[in-house]
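Novice: Just a sequence and a predicted model for now, questions to come.
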Amino acid sequence: MGISKVLKAKIERLSPEERDRLVRMGWEDRTTFDVIEHQFRISPNEFVSFMRTQLAAKAFALWRKRVHEKGSLKNEKTRGFKTTRFKSSRQSVDGITKGKKKN
């Protein structure tokens, strides 16, 4: 399955840091598809295609299963709570979790 020319152009405009950030946001339960769309102008369907290009086949299958099973967490209208910020209070400006040991 290929990706559209439009999505390919959107991905190419992203820096490597933004791509990594998008993948992290995809794995986080607190980040909804609506937030991703607002920040990066990538629709939920485009985001799934993006994740397919960024993850290994097995990792993508695990991510897809997780999103399907916990789908209400990735959809702001069906989740049971509201968030007021895009990042964890334990996360610093550069995206590194506070208290995590650096290698």
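Specialist: Cool, got the structure.

Novice: tell me the contacts of Arg19?
Specialist: Residues in contact with Arg19 (C-beta atoms under 8 Å, 6 or more residues apart in numbering) are 11, 54. Heads up, the C-betas are built off the backbone N, CA and C, glycines and all.

Novice: what do you get if the cut-off is 7 Å, keeping everything else the same?
Specialist: Under the criterion of C-beta atoms under 7 Å, 6 or more residues apart in numbering, the neighbours of Arg19 are Gln54.

Novice: And the pLDDT for it?
Specialist: We have a pLDDT of 93 for Arg19.

Novice: Secondary structure element holding it?
Specialist: In the assignment (DSSP states H and E), Arg19 maps to helix 16-27.

Novice: What count of nearby residues applies to Ile11?
Specialist: Using other C-beta atoms under 10 Å, Ile11 has 18 other residues around it.

Novice: any idea how far it is from Lys65?
Specialist: Distance, Ile11 to Lys65, using C-beta to C-beta, to the nearest Å: 23 Å.

Novice: next structured bit after the helix holding Arg19?
Specialist: That would be, after helix 16-27 and using DSSP H and E, helix 33-40.

Novice: Okay, angle between that following helix and helix 16-27 too, please.
Specialist: If you take axes from the mean of the first three to the mean of the last three C-alpha atoms, to 10 degrees, helix 33-40 sits at 170 degrees to helix 16-27.
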